[in-house]
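**Student:** Fold the following for me, if possible:
(chains A and B)
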Amino acid sequence: MSPLAFYPLAFVCIASAMGVVLSRNPVRSALSLVASLFCLAVFYVFLQAHLVAALQIIVYAGAVMVLFLFVITLLNLESDRGLGEKPVLSAIGFGAGAIVAGGLIAALSRTSLGARAVTLVPTFGTTKVLARQLFGDYLVAFELTSMLLLVAVVGAVVLAKRDGSYEGDEQEAAVPARSEEASH
Amino acid sequence: MTQAINSGLPLIVACSWALLLIVVEMFSGDRRFVGVAWMGVIGLAVTAAMSVHYASVPAVYGNALALDGYAVYFNLLACTLGAAAMLLSIDYLGDAGIVRGEYYSLMFFAVIGVVIMAAATDLIVMFIGLETMSMAVYVLAGIRKSDLRSNEAALKYFLLGALASALLLYGVALLYTITGSTVLADVSKALSDTQHAGADHLVLLLATGLVLIGFGFKIAAVPFHLWAPDVYEGAPTTVTAFMATAVKAGGFAALMRTVLVALAPMRAELAPVLWGAAAVTMTLGNVVALRQTSLKRMLAYSSIAHTGYLLVGVTAGTNEAGSSVLFYLAAYGAMNIGAFGVMAALARRGRGCEKISDFSGLAQTHPAMACAMALFMLSLTGIPPLGGFVGKLYVFTAAMHAGLVWLVVIAALNSVVSAAYYLGVVRTMYFDNAPADVLPPARPYAAVVVAVAAVVTILLGVAPSPVLGSAARAFSKVLLG
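**Tutor:** Residues are numbered from 1 along each chain as shown, chains lettered A, B, ... in the order given. Down below sits the predicted model:
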């Protein structure tokens, strides 16, 4: 990947990622995320991972983000209402984030990863090779992930579904809560 | 091939059983879901029995899973704790106004997550196990939807847990860039080759730090403990019992394999960090626990303190220390299930029975429950001849042998401090007067679980050798070289 393509793309990717965090308007955040995901997809294409790139656009930039936007629209969030954060807390948050980011940049810029770079086979990243990895070496992880998604779906349904009424012992339900004073 | 299938069988059966539970729950006419709960308990028993039957398979499926002694030990522990929590829940769910049959299925999935974490010999699989467990527990914490505290608990746990998971995953990715593998043994080998490669060292430290933060959150180690008191208090008592015992066991299972196997070449750098974390965690947990008036919050801080004691064993990192941590987790599980069990047994609708003052004069109205609670509190303090004492004794002795004299001194002092609040509960039960409106009689299922937990706590104290022996065998092949 030539630096001429890499740096502008990286800049757009990081800028839109910052937009996700810094924007106060949820719709703007979501759209910045779409831009960031698209940039990543382009990186994948340059890295010969065509299938991953396609999935990234179809699943993340497409389906998931559409759902995000639906939820934001349905909830009708007010754009400039924050979580009532205190300036001290946000300062601490930014400080901690800066330290982590600084550490990452310092560490990754000095690493010798380039020296150990492996030359890839020409077929790397193709659907065939990817499938062989996914359903061969990483089969257990793949199957367990499908179970993890199932647990998440069951959990989401449990939390979203309306509770039925409990037809248990009504007499006990009628016992009033004991106040704190009564226990002393 | 057969070996591979055999070693995966317990997991396959467990997953199918959890799915079956959802289906059965749909057709269950009984709003207390007693049948579903029992089916869950039987499923856990089958899983545990199968893992013992197919035990001692090193690593299969491209080194992703191992059904070695370590995995089997945690499998038995998680299944037992999960079954106990399910039995406690039978009456409690109705009392707390929870009418979700999926509760048992989610708890089953959480146990499966713990089992995967202990069996994983690959960081990706370990992460998936951690997420499976966490997903299920996030929902369980918030399953009492009409209760604001339960909502808060679930949301807090979910947001902070998602952050911790992301950091852990980032750490795993960085480890992969350095070592070119996610298999624990290969990571260890690559690290011992490139240990002093200079430039990579900073990345390695960063990766290790991120991994430790991720696990530190799950086991509620200071300074990643802030969620614990609120979540323990807001979650339904039976879920709290499960979180304090099984979830913590899963966290330690994964942490020990990662730190002592994959990151073994980093011992010199990690030792001071673990030392500090252990010291701060137990001290802060114990000091803050002194001031609590809610029994649930007090037990939350106590559980943070116990994370500190367990970290003493991880810091030592020897075979002896590892096996005593396994034993400690069993003893800790028994006494905590018991303590939360007493709370669950006496809880009714509109009366949570969660404050320490709710237990005043319990000895006059419920002598057996008070006696059991006193037993658990004494065991948590570490008074002989109970399970908690033996666990502490072995962990601290192992740490002494590893040369961590000062850490053991701090731990011993902490145990003395902890006596103040544990014995405070005993005093409230035995020397305060019972209020006019007495607590209702204990629920039968919960009473049986409490009785069994009490017997186990005593047995682990007076005859620890069988469990200690199996813990030693379980840990003997974990460390490399």
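
**Student:** so who does whichever residue of chain A sits closest to chain B touch?
**Tutor:** Here the residue of chain A nearest chain B is A:Gly155; by C-beta to the nearest C-beta that distance is 3.5 Å. C-beta coordinates here come from the backbone N, C-alpha and C atoms, glycine included. Contact analysis of A:Gly155 by C-beta atoms under 8 Å, 6 or more residues apart in numbering or on different chains lists B:106, B:135-136, B:138-139.

**Student:** Kindly indicate whether A:Ala121 is helix, strand or coil.
**Tutor:** Quick fix: residue A:121 is Val, not Ala. At A:Val121 the chain is in coil, as set by DSSP: H, G, I helix; E, B strand; the rest coil.

**Student:** for chain A, what helix or strand is lowest in average pLDDT?
**Tutor:** With mean pLDDT, DSSP states H and E as the measure, the helix or strand of chain A carrying the lowest mean pLDDT is helix A:170-174 (a mean of 39).

**Student:** picking up where we left off before, and the helix or strand in which the residue of chain A closest to chain B is found, what's buried?
**Tutor:** When elements are assigned from DSSP states H and E, A:Gly155 belongs to helix A:139-160. Within helix A:139-160, the residues scored as buried using 16 or more other C-beta atoms under 10 Å in any protein chain shown are A:140-141, A:143-145, A:147-148, A:150-152, A:154-155, A:158.

**Student:** One more: stretch A:97-113?
**Tutor:** Result for stretch A:97-113 [16+ other C-beta under 10 Å]: buried residues A:103-104, A:107, A:111.

**Student:** Mind checking which of those residues land in helices?
**Tutor:** A:103-104, A:107 (DSSP state H).

**Student:** Pipe the residues you listed into TSV and attach distance to chain B and pLDDT per row.
**Tutor:** Formatted as TSV, those follow (distance: C-beta to the nearest C-beta, whole Å; pLDDT from 0 to 100):
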residue	distance to chain B	pLDDT
A:Gly103	6	83
A:Leu104	7	82
A:Ala107	4	79
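
**Student:** Give me the below-cutoff pLDDT ranges for chain A.
**Tutor:** A:1, A:77-85, A:112-120, A:163-184 (pLDDT under 70).

**Student:** can you list contacts of stretch A:130-145?
**Tutor:** Applying C-beta under 8 Å, 6+ apart, the contact partners of stretch A:130-145 are A:49, A:51-52, B:8, B:61-62, B:64-65, B:116, B:122, B:124-125, B:128-129, B:132.

**Student:** Please compute how far it lies from its chain's middle.
**Tutor:** 21 Å (C-alpha atoms, centre = their mean, to the nearest Å).

**Student:** Likewise for stretch B:115-131?
**Tutor:** Its chain's C-alpha centre and that of stretch B:115-131 lie 15 Å apart, by C-alpha atoms, centre = their mean.

**Student:** can you tell me if it touches chain A.
**Tutor:** Yes: against chain A, stretch B:115-131 shows contacts by C-beta under 8 Å from any C-beta of the partner chain at B:116, B:122, B:124-125, B:128-129, B:131.

**Student:** In strands, which of the residues you listed appear?
**Tutor:** With DSSP state E as the criterion, strands contain none of the residues of stretch B:115-131 next to chain A.

**Student:** on that earlier part again, the contacts of A:Gly155 also near chain A: which ones?
**Tutor:** Among the contacts of A:Gly155, chain A is touched by B:106, B:135-136, B:138-139 when using C-beta under 8 Å from any C-beta.

**Student:** top of these by neighbour count?
**Tutor:** B:Ala136 (29 neighbours; other C-beta atoms under 10 Å in any protein chain shown).

**Student:** Tell me if I'm right that that one and B:Tyr103 touch.
**Tutor:** No: B:Ala136 lies out of contact with B:Tyr103 (C-beta atoms under 8 Å); the separation is 10.0 Å.

**Student:** Not counting residues beside it along the chain, what's closest to B:Ala399?
**Tutor:** Nearest residue to B:Ala399 in three dimensions, chain neighbours excluded: B:Ala316, at 4.5 Å (C-beta to C-beta, 6 or more residues apart in numbering or on different chains).

**Student:** where does the one you found fall, phi/psi-wise?
**Tutor:** The phi and psi torsions at B:Ala316 (degrees, to the nearest 10) take the values phi -60, psi -50.

**Student:** Which strands or helices does whichever strand or helix holds B:Leu44 pack on?
**Tutor:** Assigned by DSSP H and E, B:Leu44 belongs to helix B:34-53. Contacts defined by 3 or more C-beta pairs under 8 Å, 6 or more residues apart in numbering or on different chains; DSSP states H and E place helix B:34-53 against helix B:2-27, helix B:69-95, helix B:102-119.
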